[in-house]
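*Asks:* coords below, sequence missing:
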């Protein structure tokens with residue numbers, strides 16, 4: 001309730017590169033509005049320096065480094081460094097507390113006759129279609145780890161977050177947080193299942209948490225993620241759709257062809273009936 005009141009007062013039209021979250025002594029990420037009345041100590045998510053609560057009446061409430069407890073990492077603690085560390089903690093808490101996390105993706109259905117189609121040239125778009133699908137990753141991924149390494153052959157890749165199932169590690173999804181640097185090309189080409197979030201503010205993290213996950217300018221799916229979602233989801237609800245996709249497109253074009261033939265026949269009859277000789281022969285015969 002305090003957090004909602006704070007946001008309605010201070011954050012309606014204001015955006016500042018300030019730290020509105022810090023880590024409590026119990027290890028939880030806490031917003032300044034919730035920390036205001038707490039007697040706990042709070043620490044920076046990145047450099048671990050003790051934080052001061054700035055709760056004045058002019059600027060929005062925020063945390064600031066208490067330089068009385070300065071360590072060697074404080075000098076290198078930029079807003080971007082804070083944001084990257086904050087995003088990892090916030091998304092981990094969201095994963096641990098959420099009963100479901102929905103990912104949306106598009107599955108391509110292709111007619112099984114496409115390669116040898118006798119009716120349509122150049123493999124027309126009629127032969128394939130895209131359908132929106134959704135998948136709850138919490139059905140099979142039960143744990144979230146920060147800065148976890150994943151082995152793939154002779155290579156090792158470190159994920160900002162790893163959504164994992166200890167009983168089925170092949171289903172793991174790597175979460176990458178892009179603040180200044182995107183996922184490396186080597187990691188993109190590794191065929192690991194990767195979701196990359198583009199984050200430039202605390203509000204970007206709020207947008208991830210408050211919405212279902214879809215590919216967009218700020219959300220990217222890499223490598224084998226879509227294939228994994230299809231193989232996990234499509235053995236169930238989408239089987240009937242897959243069967244429907246095998247129908248030859250000529251079936252759907254048949255009514256159109258029949259209508260064309262009827263129109264053509266009517267035109268020919270009209271031309272023939274316009275001839276006086278034909279009319280006479282026609283009526284004589286009938």
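*Replies:* All right, it came through fine. Values in this document were obtained by computation on a predicted structure and should not be read as measured data. Residues are numbered from 1 along each chain as shown.

*Asks:* show me where pLDDT drops low in this protein?
*Replies:* 1-16, 71-75, 113-115, 118-126, 223-254, 256-257, 272-286 (pLDDT under 70).

*Asks:* what's the distance between residue 89 and residue 188?
*Replies:* Per Cβ to Cβ, to the nearest Å, residue 89 is found 25 Å from residue 188. The C-beta positions use only the backbone N, C-alpha and C, and glycine is treated the same way.

*Asks:* Looking at the two, which is more packed in?
*Replies:* residue 89 (19 against 16; other Cβ atoms under 10 Å).

*Asks:* quick one: what helix or strand has the more buried one in it?
*Replies:* Using DSSP states H and E, residue 89 sits in helix 79-97.

*Asks:* buried ones in that helix?
*Replies:* By 16 or more other Cβ atoms under 10 Å, the buried positions in helix 79-97 come out as 79, 81-92, 94-95.

*Asks:* Looking at these, which is nearest residue 66?
*Replies:* Of all the buried residues of helix 79-97, residue 82 has the smallest distance to residue 66: 14.6 Å, by Cβ to Cβ.

*Asks:* quick one: that closest one and residue 19 touch, right?
*Replies:* Yes - with contact defined as Cβ atoms under 8 Å, residue 82 counts as touching residue 19 (5.4 Å).

*Asks:* Return every residue with contacts to both of these two.
*Replies:* residue 44 (Cβ atoms under 8 Å, 6 or more residues apart in numbering).

*Asks:* Tell me how far the helix or strand following the helix holding residue 89 lies from the chain's centre.
*Replies:* Using DSSP H and E, the helix or strand that follows helix 79-97 towards the C-terminus is strand 102-110. Distance of strand 102-110 from its chain centroid, counting by Cα atoms, centre = their mean, to the nearest Å, is 11 Å.

*Asks:* Same check on stretch 77-94?
*Replies:* 19 Å.

*Asks:* who touches it?
*Replies:* With contact meaning Cβ under 8 Å, 6+ apart, stretch 77-94 is reached by 17-19, 21, 23, 28-29, 44-47, 49, 65, 101, 144, 146-147, 160-161, 175, 177, 179-180, 197, 199-202, 205, 208-209.

*Asks:* So which of those are in strands?
*Replies:* Per DSSP state E, strands hold the following members of the contacts of stretch 77-94: 21, 23, 29, 65, 144, 146, 147, 160, 161, 175, 177, 197.

*Asks:* Kindly indicate which of these lies nearest residue 39.
*Replies:* Using Cβ to Cβ, those come closest to residue 39 at residue 23, 15.6 Å.

*Asks:* ok, that closest one touching residue 44?
*Replies:* Yes - using Cβ under 8 Å, residue 23 is in contact with residue 44, at 7.5 Å.

*Asks:* more neighbours, these two?
*Replies:* Just comparing residue 23 and residue 44: by other Cβ under 10 Å the higher neighbour count belongs to residue 44, 25 against 22.

*Asks:* Next up, the contacts around that one.
*Replies:* Counting by Cβ under 8 Å, 6+ apart, residue 44 has contacts 19, 22, 23, 51, 63, 65, 74, 77, 82, 85.

*Asks:* Kindly reformat these as a markdown table and extend each row with distance to residue 112.
*Replies:* As requested, those are exported to a markdown table (distance: Cβ to Cβ, whole Å):
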| residue | distance to residue 112 |
| --- | --- |
| 19 | 56 |
| 22 | 57 |
| 23 | 55 |
| 51 | 61 |
| 63 | 59 |
| 65 | 63 |
| 74 | 62 |
| 77 | 57 |
| 82 | 53 |
| 85 | 50 |
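
*Asks:* farthest-separated two in those residues?
*Replies:* Using Cβ to Cβ, the two most remote members of the contacts of residue 44 are 23 and 74, lying 14.8 Å apart.

*Asks:* Tell me which residue is most central in the chain.
*Replies:* The geometric centre of the chain, computed from its C-alpha atoms, lies nearest to residue 214 (Cα atoms, centre = their mean), at 3.0 Å.

*Asks:* which residue ranges form the helices in the stretch 101-250 of the chain?
*Replies:* 185-188, 202-209, 225-233, 239-244, 249-273 (DSSP state H, counting those that start in this stretch).

*Asks:* tell me the contacts of residue 25?
*Replies:* Residues near residue 25 by Cβ under 8 Å, 6+ apart: 40, 41, 42, 43.
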